[in-house]
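1. Coordinates for the following, if possible.
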Amino acid sequence: MPSLTPPLSLWRETATPASAPRALSGSTRADIAIVGAGYTGLSAALRAIEKGLKPVVLEASEVGFGASGRNGGVVSTKYRVSLSDMAKLHGVDVAKRMSGLGHDAMDCVERYVEMFDIRAAGFAKTGNLRCAHSMHALAGLTEEAEAVRGSFGDTSLRVLDAEEMAHETGSRSFVGGVLNTHAGVIHPLNYARGLARAVRKGGGEIFEQSVVKCTNQTSAGVELVTEHGSVRADRLVIATNGYSDLSSATAGVRKSVIPFRSAMVATEPLPAEIFATLVRNGRSYSETRRMMRWFRRIDDRLLFGGRGAFGKSDSSTAFAALETAVKAIFPQLADKSVTHRWSGLVAMTIDSLPQIGLANPRTAFSLGYNGTGIAMASLLGRYALDLVMGETLDLGPMRRSQPEGIPFYFLREPAVRTVAGWYQFLDLIGR
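-> Modelled structure (predicted):
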């Protein structure tokens with residue numbers, strides 16, 4: 001079980017003050033009970049308020065404790081699966097629908113920031129640049145961009161050559177790339193805290209430090225029991241994502257995702273002359289390596305993250321690998337120090353797509369964002385609420401009739417290590 005103590009990240013150090021936490025005590029009544037105060041749960045609560053319902057959110061630690069407060073702050077329209085592959089598996093019409101949902105998700109974040117005046121989130125539509133580490137990777141990026149433009153009418157993508165990449169990033173490590181202009185950056189914890197303030201202002205309640213011990217289905221609805229209280233509600237939304245093992249109450253969705261640790265480091269404050277050539281347009285940037293690495297500017301620091309940390313706690317080896325990588329890509333940072341190190345859990349699914357649906361007529365779930373969750377969690381939280389209220393929605397292959405488990409789940413840790421090792425080898429040889 002992950003620790004309930006939040007990491008000492010750059011986001012926590014620079015975040016706006018949080019509301020004083022309040023744990024559940026005694027019994028309370030709600031129209032909608034929600035487990036998890038990340039983007040999914042908070043967005044579901046906001047959707048409930050729009051419908052005139054009273055939501056109560058129960059959080060084991062604090063608002064934004066999980067991936068919502070630890071991620072890299074990259075807001076994009078993409079999935080881990082390419083649209084071309086979706087078209088091959090599910091048909092062009094389904095892929096078009098998924099493309100539209102990706103852009104809707106991006107717009108959802110922008111709308112929330114504007115509607116609830118979350119200025120501290122620092123949301124900016126600066127674009128996301130996929131950086132090809134090999135000619136093989138660039139060929140794949142180019143083919144996908146052409147397919148997306150031609151088949152799906154998406155004009156937000158543009159192919160860049162090596163010289164343009166060097167100008168954009170300040171590095172000679174990339175042979176080309178693809179720029180997605182409908183993407184941006186955000187302060188992830190400030191965004192989560194802003195959503196929480198909007199929930200409270202709208203009449204919803206959020207109880208932190210309130211681990212759900214069990215849930216009971218009754219003839220009248222559901223009952224959620226914590227150490228010091230209980231909530232009775234008509235319906236339930238489970239929004240625990242990669243942290244679904246914090247409570248036995250979410251055992252029904254826990255085996256639907258494999259938590260995969262993602263690590264991040266941030267440099268010391270850098271002088272303005274470095275940023276005159278380094279990531280000069282303030283975008284988010286991600287590599288094409290299977291063990292993906294990504295980077296972006298935050299104020300006067302460079303943030304650099306990547307996959308590949310294992311286990312249930314921070315890994316000094318993973319942090320050291322990231323520090324080595326950032327200085328290899330950006331030699332101009334050779335004498336600069338790293339001041340912040342933290343990690344969090346990405347929720348991976350068997351088909352690399354989010355899962356959303358009904359576990360039973362009174363319980364909705366949404367989880368498994370595969371590392372691209374800021375926008376999609378914001379959108380699917382709303383749709384999880386709609387589903388549990390009886391609405392019919394076209395969510396493409398993300399819609400599930402029940403949580404879909406990982407086969408041979410008990411082998412997940414050695415399997416992840418084996419797959420990651422294979423990916424690292426493919427990255428090394430440029431495939």
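
2. CA only for contacts and neighbour counts going forward, please
-> Will do.

3. Looks to me like V159 is in a strand.
-> Yes - counting by DSSP: H, G, I helix; E, B strand; the rest coil, one finds V159 located in a strand.

4. SS state for the nearest residue to it once chain neighbours are set aside?
-> Nearest residue to V159, sequence neighbours excluded (CA to CA, 6 or more residues apart in numbering): V178, at 4.4 Å. Here V178 is recorded as strand under three-state DSSP.

5. So in terms of bridging, what pairs with V178?
-> Note on V178: beta-bridge partners by DSSP bridges are R130, V159.

6. What is the neighbour count of it?
-> With neighbours defined by other CA atoms under 10 Å, the count for V178 comes to 22.

7. Over to the one 3 residues further on?
-> T181 has 18 neighbours, counted by other CA under 10 Å.

8. That one reaches R130, doesn't it?
-> No - under the criterion of CA atoms under 8 Å, T181 makes no contact with R130, lying 11.2 Å away.

9. who are the neighbours in contact with S352?
-> R80, V81, G368, Y369, N370 (CA atoms under 8 Å, 6 or more residues apart in numbering).

10. And it, how far from F65?
-> Per CA to CA, to the nearest Å, S352 is found 23 Å from F65.

11. Same question for D299.
-> 22 Å.

12. out of these two, which sits in the more crowded spot?
-> F65 (22 against 10).

13. For that one, which non-adjacent residue is spatially closest?
-> That would be P6: by CA to CA, 6+ apart, it lies 5.9 Å from F65.

14. For burial, what's the neighbour tally of the one you found?
-> 16.

15. That one in helix, strand or coil?
-> Following three-state DSSP, P6 is assigned to coil.

16. Which helix runs longest in this structure?
-> helix 92-115 (DSSP state H).

17. ok now it, how far from the chain's centre?
-> 15 Å (CA atoms, centre = their mean, to the nearest Å).

18. Which other helices and strands does it contact?
-> Packing partners of helix 92-115 (3 or more CA pairs under 8 Å, 6 or more residues apart in numbering; DSSP states H and E): helix 83-90, helix 135-152, helix 373-388.

19. Does F174 touch C131 like I think?
-> Yes - with contact defined as CA under 8 Å, F174 reaches C131; the gap is 6.0 Å.

20. what is in contact with these two at once?
-> M165.

21. The two: which is more packed in?
-> More crowded of F174 and C131, by other CA under 10 Å: C131, with 27 against 23.

22. who touches the more buried one in this structure?
-> M165, F174, V175, G176, G177, V178, Y285, S286, E287, T288.

23. which of those tops the neighbour count?
-> Neighbour-wise, these (other CA under 10 Å) top out at G177, 28 neighbours.

24. got the contact list for that one?
-> L129, R130, C131, A132, L138, L141, T142, V159, L160, D161, A162, M165.

25. I am finished for the moment; much appreciated.
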